[in-house]
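Novice: When you get a sec, could you give me coordinates for this:
(chains A and B)
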Amino acid sequence: MQFLIRNEAFTMNCPHCGHDNIEGIDACEECGQSLTGMHEAGSPLERSITEHAVQVLAPKRPVTVSAAVSVQDAVNELVRHRIGCLLVEDEGTITGIFTERDVLNRVLPDRAALEKPVSEYMTASPEMVSRTDSIAYAMHAMSVGGYRHLPVSGSDGEPTGIISARDLLRFLSVRFADIRDQS
Amino acid sequence: MADGSVEFDLRRLLSETHVSELTLTVVPHLSPDQSLEDAAAAMREVSHGSALISADNRLVGIITERDLLGLLAAGTDFCSSLREWMTADPQTISTNDTLLDAVRLMDQGGYRRVPVLNGGQEPAGLVDVKTVMNFVVDHVPNTVYNQASHELLTAKRAEGA
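Specialist: Purely as a prediction, here's the structure:
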């Protein structure tokens, strides 16, 4: 079974050619393939993760450091804010992400790193999602990339938030598995 | 899938899946006498952010990359033993528990991962956020994998216009 990519109310993308059709029609206007049976595809959970945008997860504000700060300062920021990742900014643009994993992999084996600029130890050009992307899309990006954190970009393309795999799991398990209901 | 197919029900799926059915995350096992440096090296080797610490085949503690980060910031000597810095006697689940039990424990405790004990006190691995997310993704694969970015789609529309 094919699923629709629904990104806006009242439109649906043809799974065959990607053409944006008016919701509810029986065949794609572009390629003529049948679209019947796809209008209400999936369970409530499946509909929810395709219809809800990443914004619904209330992405946390990212903590940003300048590319020139030392790795030691970046490590201290991670600890002070009790967070797992920082964004690294250079002349007003986000150029990288620095995470706990970078500390484990690149800093702990080489303590001289603590004195060097964080830009040498960050992961450059991190993958991002847009705040209007669906939750399903963010799950896909994390699952394929193996990321624990994803920066979320606003309308100008600059990151305005961070979501974590934990935020996604909490969304799913609280809304769809009633995990906080002890019955 | 025909009409009337069984709807995907996350709660039922989680409550009917036992931890023993999951592919548990393989983590390093260390002894309490090993050093913080040993723990960091062992975690790097398997690309996972925690290690279980056991003595006489019994789980006695856990140490995570988060702990190492804090210890690094505090200037702690990484030659010191895990015994001094591990979280002793962490909360655990058993292979007989369900995935719902695991997710609940993670939610309540704010844990990113929970060690799994094999029947008795012997550690079998752990369940982490990634294990659960991959499990869910595997059960709604069409929905998750047929995704394109809203921005890409918007760009495609604009080009076609």
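Novice: check contacts around residue 69.
Specialist: Picked chain A for this. Taking C-beta atoms under 8 Å, 6 or more residues apart in numbering or on different chains as the contact definition, A:Val69 lies against A:Pro117, A:Val118. In short, each C-beta sits where N, CA and C put it, glycine included.
Novice: sorry, should have said chain B
Specialist: By C-beta under 8 Å, 6+ apart, the residues touching B:Leu69 are A:Val75, A:Leu78, A:Val79, A:Glu100, A:Val103.
Novice: cool, A:Pro59 as well?
Specialist: A:Pro59 is in contact with A:Arg131, A:Val152, A:Thr160, A:Gly161, A:Ile162, A:Ile163, A:Asp167, counting by C-beta under 8 Å, 6+ apart.
Novice: what's the most distant pair in these?
Specialist: Across those, no pair lies farther apart than A:Thr160 and A:Asp167, at 14.9 Å, counting by C-beta to C-beta.
Novice: just the strands in chain A please.
Specialist: Ranges of strands in chain A, per DSSP state E, are A:11-13, A:20-22, A:64-66, A:85-90, A:93-99, A:123-124, A:129-130, A:149-153, A:159-164.
Novice: actually chain B, not the one I wrote
Specialist: Under DSSP E, chain B gives strands at B:29-30, B:50-55, B:58-64, B:87-88, B:93-94, B:113-117, B:123-128.
Novice: Turn those strands into CSV, columns for distance to chain A.
Specialist: Output for these, formatted as CSV (distance: least, C-beta to the nearest C-beta, whole Å):
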stretch, distance to chain A
strand B:29-30, 15
strand B:50-55, 10
strand B:58-64, 9
strand B:87-88, 16
strand B:93-94, 14
strand B:113-117, 11
strand B:123-128, 9
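Novice: what about chain A, any weak spots by pLDDT?
Specialist: Residue ranges of chain A with pLDDT under 70: A:1-25, A:34-41, A:182-183.
Novice: quick check: domain ranges of it?
Specialist: A:1-41, A:56-173 (automatic domain parsing).
Novice: Tell me which of those domains sits most buried.
Specialist: Among those, ranked by average contacts under mean count of other C-beta atoms under 10 Å in any protein chain shown, first place goes to domain A:56-173 (a mean of 19).
Novice: Quick one: residues contacting the residue most central in space within chain B.
Specialist: With distances taken as C-alpha atoms, centre = their mean, the residue of chain B nearest its centroid is B:Asp128 (1.4 Å). Shown in contact with B:Asp128 (C-beta under 8 Å, 6+ apart): B:Thr25, B:Ser50, B:Arg112, B:Arg113, B:Val114.
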